[in-house]
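fold the following.
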Amino acid sequence: MDAAELERYARQIVLREVGGAGQQALGHARVLIVGAGGLGGPAGLYLAAAGVGHIGLIDDDVVDISNLHRQIQFDTNDVGANKTTAMAQTLTALNPHIQVQEYDTKLDGENAREIIGGYDVVLDGTDNFAARFAVNAACLSTKTPLVSGALGRFDGQLAVFKMDWPKHKEGACYRCFVPEEPPDAETCASVGVVGALAGIIGSMMAMETIKIITGAGKPLYGKLFLYGGLEGEARTINLPRDPNCPECGQITL
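The predicted structure follows:
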């Protein structure tokens, strides 16, 4: 790190749980954000600000004016632009010391493993179960930690999956939690969402990622964090591995 970077990250380096070693780990880390939307935006902003050295963004969508109440990485001038391009510009403007790689494509079962294999941590902020299942399978295959968030109306949730089998025997994978696509799956477009909720859960996704990279504290491995915005209440519950999981149930521990 040069003098400018030391000054930029000074308030973070002074934390004994991070220190110089943790900041260097952040600088060398490669983090993939799947979905440059309501969750990926605030998560990406805080990871860029924290000094994560390489951030990948994957999304095949363009910015719509209806995104702007919650996707704070964009502004009105970005409407119609590719989300990955617009968000990459925002992140590099925030921190010119980092690199941002754009994937203007949809992540699916065909390309997920190839892309995810080049990263240390994956954040999933997608809004459909096909993509979530593809991310989960690829993270299992490559043993890449997965930070998964979701939103709906005033409620949010967050889970962290370690994926390091057979070493890690305590936690679940995403499909232990959601084995099949729910028949009545809801989206933000169909049920609505308050914009500030995306900031809460997206920021927590960044926090968990920073903990994973630096070794600070205890990531939410094998746990599910639930937040109710209307009540202002939160709770964390255990998320055990399902031996009959359609994805990881065949893995021998």
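
C-alpha from now on. contacts and neighbour counts both.
Will do.

distance from the chain centre to the host helix or strand of Thr85, please.
Element membership for Thr85 (DSSP states H and E) is helix 83-94. In terms of Cα atoms, centre = their mean, to the nearest Å, the centre of helix 83-94 is found 16 Å from the chain centre.

which residues are contacting it?
36-37, 41, 44-45, 48-49, 57-63, 73-74, 78, 98-104 (Cα atoms under 8 Å, 6 or more residues apart in numbering).

downstream of it, the next helix or strand is which one?
strand 99-103.

which among the contacts of helix 83-94 end up buried?
By neighbour count, with 16 or more other Cα atoms under 10 Å, the contacts of helix 83-94 hold 36-37, 41, 44-45, 48-49, 57-59, 61-63, 73-74, 78, 98-100, 102-104 as buried.

low-confidence ranges in the stretch 151-253 of the chain?
165-170, 185-190, 251-253 (pLDDT under 70).

could you pull out the helices for it?
In the stretch 151-253 of the chain, the helices defined using DSSP state H, counting those that start in this stretch lie at 174-177, 188-191, 195-214.

what is the rounded mean pLDDT of the helix holding Thr85?
Throughout helix 83-94, pLDDT has a mean value of 98.

would you mark the buried spots in that helix?
83-92.

can you list those residues in JSON lines and add distance to Gly53?
Putting those into JSON lines (distance: Cα to Cα, whole Å) gives the following:
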{"residue": "Lys83", "distance to Gly53": "20"}
{"residue": "Thr84", "distance to Gly53": "17"}
{"residue": "Thr85", "distance to Gly53": "18"}
{"residue": "Ala86", "distance to Gly53": "19"}
{"residue": "Met87", "distance to Gly53": "16"}
{"residue": "Ala88", "distance to Gly53": "13"}
{"residue": "Gln89", "distance to Gly53": "15"}
{"residue": "Thr90", "distance to Gly53": "15"}
{"residue": "Leu91", "distance to Gly53": "11"}
{"residue": "Thr92", "distance to Gly53": "11"}
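
centre-most residue in the protein?
Leu123 (2.2 Å; Cα atoms, centre = their mean).

I'd assumed that one was in a strand, is it?
Yes: assessed with DSSP: H, G, I helix; E, B strand; the rest coil, Leu123 lies in a strand.

touching, it and Leu32? I think so.
Yes: using Cα atoms under 8 Å, Leu123 makes contact with Leu32 at a distance of 6.2 Å.

just the CA trace of the helix holding Thr85, in CSV.
Taking Å, rounded to 0.1, in the frame of the first residue of the first chain, the C-alpha atoms of helix 83-94 are listed here in CSV:
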residue,chain,number,x,y,z
LYS,A,83,-25.9,-2.1,-15.1
THR,A,84,-22.4,-3.6,-15.0
THR,A,85,-20.9,-0.6,-16.9
ALA,A,86,-22.7,2.0,-14.8
MET,A,87,-21.8,0.3,-11.5
ALA,A,88,-18.2,-0.2,-12.5
GLN,A,89,-17.9,3.5,-13.1
THR,A,90,-19.4,4.3,-9.7
LEU,A,91,-17.1,1.9,-7.9
THR,A,92,-13.9,3.1,-9.6
ALA,A,93,-14.9,6.7,-9.0
LEU,A,94,-15.3,5.9,-5.3
